[in-house]
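Colleague: I would like to see how this sequence folds:
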Amino acid sequence: MIKIAPSILAADFANLQRDIQRISTADYVHVDVMDGMFVPNISIGIPVVQSLRPTTELPLDVHLMITQPVRYVEQFCDAGADLVTVHVESDTGENILEALRKIRAKGKRAGVVLKPATPAEAAAPFLELADIVLVMTVEPGFGGQKFMPDMMPKVAALRAMIDGKNPGCELEVDGGVDLNTCRTCVEAGANVLVAGSAVYKAENIPERIAALRNCMG
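Modeller: Numbering: from 1, shown residues only. The predicted structure is shown next:
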(Lines give C-alpha, C1' and ligand atoms only; values in the text may rest on other atoms or scores of the structure.)
Protein backbone atom coordinates (compact mmCIF):
# COMPACT_ATOMS: atom_id res chain seq x y z
CA MET A 1 0.00 0.00 0.00
CA ILE A 2 1.19 3.51 -0.83
CA LYS A 3 1.55 5.79 2.19
CA ILE A 4 1.25 9.57 2.08
CA ALA A 5 3.32 11.84 4.34
CA PRO A 6 2.32 15.49 3.92
CA SER A 7 5.15 17.87 4.77
CA ILE A 8 4.17 20.57 7.25
CA LEU A 9 6.84 22.78 5.66
CA ALA A 10 3.99 23.76 3.32
CA ALA A 11 1.51 24.35 6.17
CA ASP A 12 0.56 27.65 7.80
CA PHE A 13 2.95 27.84 10.77
CA ALA A 14 0.59 30.22 12.59
CA ASN A 15 -2.06 27.48 12.44
CA LEU A 16 -0.08 24.25 12.65
CA GLN A 17 -2.57 22.39 14.80
CA ARG A 18 -5.38 23.20 12.36
CA ASP A 19 -3.27 22.26 9.34
CA ILE A 20 -2.16 18.96 10.88
CA GLN A 21 -5.76 18.07 11.59
CA ARG A 22 -6.56 18.85 7.94
CA ILE A 23 -4.31 15.94 6.89
CA SER A 24 -5.86 13.40 9.27
CA THR A 25 -6.47 10.94 6.40
CA ALA A 26 -2.73 10.72 5.64
CA ASP A 27 -0.37 8.04 6.95
CA TYR A 28 2.43 10.16 8.43
CA VAL A 29 3.07 13.80 9.31
CA HIS A 30 6.40 14.71 7.72
CA VAL A 31 8.37 17.15 9.88
CA ASP A 32 11.42 18.81 8.31
CA VAL A 33 14.07 19.89 10.81
CA MET A 34 16.83 22.12 9.42
CA ASP A 35 19.75 23.62 11.31
CA GLY A 36 21.12 26.23 8.90
CA MET A 37 24.41 24.34 8.71
CA PHE A 38 23.74 21.01 7.01
CA VAL A 39 21.27 22.82 4.73
CA PRO A 40 21.07 26.58 4.04
CA ASN A 41 17.85 27.14 5.93
CA ILE A 42 16.47 26.94 9.48
CA SER A 43 13.04 25.50 10.24
CA ILE A 44 11.88 24.00 13.54
CA GLY A 45 13.27 21.96 16.41
CA ILE A 46 12.54 19.81 19.42
CA PRO A 47 10.02 22.13 21.19
CA VAL A 48 7.82 22.29 18.08
CA VAL A 49 7.83 18.50 17.68
CA GLN A 50 6.84 18.24 21.34
CA SER A 51 4.00 20.72 20.77
CA LEU A 52 2.77 18.85 17.68
CA ARG A 53 2.62 15.45 19.37
CA PRO A 54 -0.72 15.95 21.21
CA THR A 55 -2.42 17.41 18.12
CA THR A 56 -2.53 14.20 16.06
CA GLU A 57 -2.62 10.43 16.35
CA LEU A 58 -0.67 10.08 13.10
CA PRO A 59 2.97 8.99 13.34
CA LEU A 60 5.43 11.89 13.24
CA ASP A 61 8.00 11.27 10.49
CA VAL A 62 10.87 13.55 11.55
CA HIS A 63 13.48 14.24 8.85
CA LEU A 64 16.65 15.62 10.43
CA MET A 65 18.58 17.85 8.03
CA ILE A 66 21.16 18.65 10.70
CA THR A 67 24.88 18.18 11.29
CA GLN A 68 25.86 15.29 13.59
CA PRO A 69 22.29 14.16 14.35
CA VAL A 70 23.55 11.56 16.84
CA ARG A 71 23.64 14.46 19.34
CA TYR A 72 19.88 14.99 19.20
CA VAL A 73 18.06 11.86 18.02
CA GLU A 74 17.12 10.73 21.53
CA GLN A 75 15.62 14.13 22.32
CA PHE A 76 13.51 14.04 19.17
CA CYS A 77 12.30 10.57 20.13
CA ASP A 78 11.42 11.81 23.62
CA ALA A 79 9.62 14.79 22.09
CA GLY A 80 7.24 12.46 20.27
CA ALA A 81 8.79 11.46 16.97
CA ASP A 82 7.74 7.99 15.82
CA LEU A 83 10.16 7.78 12.93
CA VAL A 84 13.49 9.65 12.78
CA THR A 85 15.60 9.82 9.62
CA VAL A 86 19.19 11.07 9.43
CA HIS A 87 21.30 11.98 6.41
CA VAL A 88 24.17 9.65 5.58
CA GLU A 89 26.16 12.76 4.57
CA SER A 90 25.74 14.46 7.96
CA ASP A 91 28.39 12.55 9.94
CA THR A 92 30.79 9.61 9.91
CA GLY A 93 29.38 6.17 9.13
CA GLU A 94 30.10 5.08 12.69
CA ASN A 95 28.08 7.97 14.11
CA ILE A 96 25.20 7.38 11.71
CA LEU A 97 25.04 3.77 12.90
CA GLU A 98 25.10 4.97 16.49
CA ALA A 99 22.25 7.39 15.76
CA LEU A 100 20.16 4.57 14.29
CA ARG A 101 20.88 2.38 17.33
CA LYS A 102 19.85 5.20 19.70
CA ILE A 103 16.57 5.74 17.85
CA ARG A 104 15.75 2.04 17.91
CA ALA A 105 16.70 1.77 21.60
CA LYS A 106 13.97 4.36 22.24
CA GLY A 107 11.47 2.01 20.61
CA LYS A 108 11.15 4.24 17.55
CA ARG A 109 11.66 3.60 13.85
CA ALA A 110 14.93 4.74 12.29
CA GLY A 111 16.00 5.59 8.79
CA VAL A 112 18.61 7.15 6.55
CA VAL A 113 18.32 9.86 3.91
CA LEU A 114 20.27 10.38 0.69
CA LYS A 115 20.79 13.74 -1.02
CA PRO A 116 20.47 13.80 -4.83
CA ALA A 117 24.24 13.56 -5.40
CA THR A 118 24.64 10.61 -3.01
CA PRO A 119 24.61 7.17 -4.71
CA ALA A 120 22.28 4.37 -3.65
CA GLU A 121 25.26 2.32 -2.41
CA ALA A 122 25.80 4.84 0.41
CA ALA A 123 22.76 3.38 2.17
CA ALA A 124 24.11 -0.18 2.15
CA PRO A 125 26.00 -0.09 5.51
CA PHE A 126 22.82 1.05 7.29
CA LEU A 127 20.14 -1.14 5.73
CA GLU A 128 20.05 -3.74 8.49
CA LEU A 129 19.20 -1.06 11.08
CA ALA A 130 16.89 0.95 8.81
CA ASP A 131 13.10 0.87 8.95
CA ILE A 132 12.95 3.38 6.10
CA VAL A 133 15.23 4.86 3.43
CA LEU A 134 14.41 8.34 2.15
CA VAL A 135 15.56 9.51 -1.28
CA MET A 136 15.58 13.27 -1.83
CA THR A 137 14.15 14.13 -5.25
CA VAL A 138 15.12 17.79 -4.74
CA GLU A 139 18.06 19.43 -2.97
CA PRO A 140 17.15 19.47 0.74
CA GLY A 141 16.61 22.74 2.51
CA PHE A 142 13.67 24.41 0.79
CA GLY A 143 10.10 23.46 -0.08
CA GLY A 144 8.39 23.89 -3.44
CA GLN A 145 11.28 22.74 -5.65
CA LYS A 146 10.96 20.95 -8.97
CA PHE A 147 11.01 17.13 -8.99
CA MET A 148 14.24 15.50 -10.26
CA PRO A 149 13.22 12.52 -12.42
CA ASP A 150 16.85 11.42 -12.77
CA MET A 151 16.64 10.16 -9.16
CA MET A 152 14.39 7.27 -10.22
CA PRO A 153 17.22 4.85 -11.12
CA LYS A 154 18.54 5.41 -7.58
CA VAL A 155 15.10 4.63 -6.15
CA ALA A 156 14.95 1.46 -8.24
CA ALA A 157 18.45 0.43 -7.12
CA LEU A 158 17.51 0.97 -3.49
CA ARG A 159 14.33 -1.04 -3.92
CA ALA A 160 16.42 -3.97 -5.15
CA MET A 161 18.88 -3.58 -2.25
CA ILE A 162 16.08 -3.36 0.31
CA ASP A 163 14.25 -6.38 -1.11
CA GLY A 164 17.48 -8.36 -0.86
CA LYS A 165 18.65 -7.26 2.61
CA ASN A 166 15.68 -5.94 4.60
CA PRO A 167 12.30 -6.46 2.89
CA GLY A 168 10.39 -4.84 5.75
CA CYS A 169 12.16 -1.51 5.16
CA GLU A 170 10.07 1.24 3.57
CA LEU A 171 11.30 3.39 0.69
CA GLU A 172 10.30 7.05 0.80
CA VAL A 173 10.74 9.90 -1.69
CA ASP A 174 10.65 13.60 -0.84
CA GLY A 175 10.63 16.58 -3.17
CA GLY A 176 8.34 17.78 -5.92
CA VAL A 177 5.91 14.89 -5.49
CA ASP A 178 2.51 15.71 -6.98
CA LEU A 179 -0.23 14.13 -9.09
CA ASN A 180 2.09 14.17 -12.13
CA THR A 181 5.17 12.63 -10.51
CA CYS A 182 3.76 10.25 -7.89
CA ARG A 183 3.24 7.41 -10.36
CA THR A 184 6.86 7.65 -11.50
CA CYS A 185 8.03 7.31 -7.90
CA VAL A 186 5.85 4.29 -7.18
CA GLU A 187 6.83 2.57 -10.44
CA ALA A 188 10.50 2.97 -9.41
CA GLY A 189 9.78 1.23 -6.09
CA ALA A 190 8.82 3.90 -3.55
CA ASN A 191 5.97 3.13 -1.16
CA VAL A 192 5.95 6.34 0.94
CA LEU A 193 5.42 9.71 -0.76
CA VAL A 194 6.23 13.00 0.95
CA ALA A 195 4.17 15.85 -0.50
CA GLY A 196 4.00 19.42 0.74
CA SER A 197 2.58 21.94 -1.69
CA ALA A 198 0.68 19.24 -3.60
CA VAL A 199 -1.37 18.53 -0.48
CA TYR A 200 -1.64 21.87 1.25
CA LYS A 201 -2.47 23.89 -1.87
CA ALA A 202 -5.30 21.52 -2.84
CA GLU A 203 -8.87 22.76 -2.56
CA ASN A 204 -9.88 19.45 -1.02
CA ILE A 205 -7.04 17.99 1.02
CA PRO A 206 -8.58 14.55 1.80
CA GLU A 207 -9.36 14.10 -1.92
CA ARG A 208 -5.79 15.04 -2.84
CA ILE A 209 -4.32 12.61 -0.32
CA ALA A 210 -6.56 9.85 -1.70
CA ALA A 211 -5.55 10.70 -5.27
CA LEU A 212 -1.85 10.50 -4.42
CA ARG A 213 -2.36 7.22 -2.58
CA ASN A 214 -4.19 5.76 -5.58
CA CYS A 215 -1.79 7.11 -8.18
CA MET A 216 -1.39 3.68 -9.79
CA GLY A 217 -5.14 3.57 -10.45
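Colleague: Give me the neighbour count for residue 11.
Modeller: Number of residues near residue 11 (other Cβ atoms under 10 Å) recorded here: 20. (C-beta placed from N, C-alpha, C; glycine too.)
Colleague: Can you give me every residue that contacts the residue nearest the centre of the chain?
Modeller: Taking Cα atoms, centre = their mean, the centroid of the chain lies closest to residue 63, which sits 5.2 Å from it. Contacts here follow Cβ atoms under 8 Å, 6 or more residues apart in numbering; on that basis residue 63 touches 30-33, 85, 113, 134, 174, 194.
Colleague: Show me the shaky parts of the chain.
Modeller: Low-confidence segments of the chain, defined by pLDDT under 70: 143-144.
Colleague: In contact with residue 33: list those residues for me.
Modeller: Applying Cβ under 8 Å, 6+ apart, we find residue 33 in contact with 43-45, 49, 62-66, 76.
Colleague: what bridges to it?
Modeller: residue 64 (DSSP bridges).
Colleague: all strands for this protein, in order.
Modeller: 3-6, 29-34, 60-65, 83-87, 109-114, 132-136, 170-174, 192-195 (DSSP state E).
Colleague: how about a markdown table for those, with distance to residue 23 added?
Modeller: As requested, those are exported to a markdown table (distance: least, Cβ to Cβ, whole Å):
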| stretch | distance to residue 23 |
| --- | --- |
| strand 3-6 | 5 |
| strand 29-34 | 7 |
| strand 60-65 | 12 |
| strand 83-87 | 16 |
| strand 109-114 | 19 |
| strand 132-136 | 19 |
| strand 170-174 | 15 |
| strand 192-195 | 10 |
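Colleague: So for residue 93, which of those strands sits nearest?
Modeller: Nearest to residue 93 among the strands of the chain is strand 109-114 (10.4 Å), distances taken as Cβ to Cβ.
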